[in-house]
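# Quick one, what's the 3D model for this:
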Amino acid sequence: MISEETLSLLPFVRRTKATIVGRNTLLRTRHKLQFIIIADELSDNSRAEILRDFAPYPIVGGFSEAEIAQRFGLQGTRVLGISKGDL
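Numbers count the residues shown, from 1 in each chain. Predicted coordinates for the structure are as follows:
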């Protein structure tokens, strides 16, 4: 789970547009990734695929699809990457 300190930075991530949405986009831009957030609603097959494809990167769960929509303003998103950058 993400610490409270990290959760407090999520509004800034949203403002700086440091989010990468979509599995194919994540694959193409993996060199920019800081970590990945996956929703609890993600299917077991998709979860296994994400864990395999992005094994070198920290992968964080514990978010529902509704929480991702609320925190990032991204409806229907189950896999979300946070890019490296200055916050």
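# what about the nearest residue to residue 13 once chain neighbours are set aside, distance to residue 53?
Excluding the flanking residues, the one nearest residue 13 by C-beta to C-beta, 6 or more residues apart in numbering is residue 82, at 6.0 Å. For glycine as for every other residue, the C-beta is placed from the backbone atoms N, C-alpha and C. Counting by C-beta to C-beta, to the nearest Å, the gap from residue 82 to residue 53 is 16 Å.
# out of these two, which sits in the busier spot?
residue 82 (23 against 14; other C-beta atoms under 10 Å).
# Show me the helices in the chain, by range?
4-16, 23-28, 44-53, 65-72 (DSSP state H).
# With just CA atoms, put the longest one into PDB.
Backbone C-alpha positions of helix 4-16 (Å, rounded to 0.1, in the frame of the first residue of the first chain) are rendered in PDB as follows:
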ATOM      1  CA  GLU A   4       0.100   8.700   3.500                       C
ATOM      2  CA  GLU A   5       3.000  11.000   2.400                       C
ATOM      3  CA  THR A   6       2.900   9.600  -1.100                       C
ATOM      4  CA  LEU A   7      -0.900   9.900  -1.200                       C
ATOM      5  CA  SER A   8      -0.600  13.600  -0.300                       C
ATOM      6  CA  LEU A   9       1.500  14.100  -3.500                       C
ATOM      7  CA  LEU A  10      -1.100  12.600  -5.900                       C
ATOM      8  CA  PRO A  11      -2.900  15.900  -6.500                       C
ATOM      9  CA  PHE A  12       0.400  17.300  -7.800                       C
ATOM     10  CA  VAL A  13       0.900  14.300 -10.100                       C
ATOM     11  CA  ARG A  14      -2.500  15.000 -11.500                       C
ATOM     12  CA  ARG A  15      -1.600  18.700 -12.100                       C
ATOM     13  CA  THR A  16       1.700  17.900 -13.700                       C
END
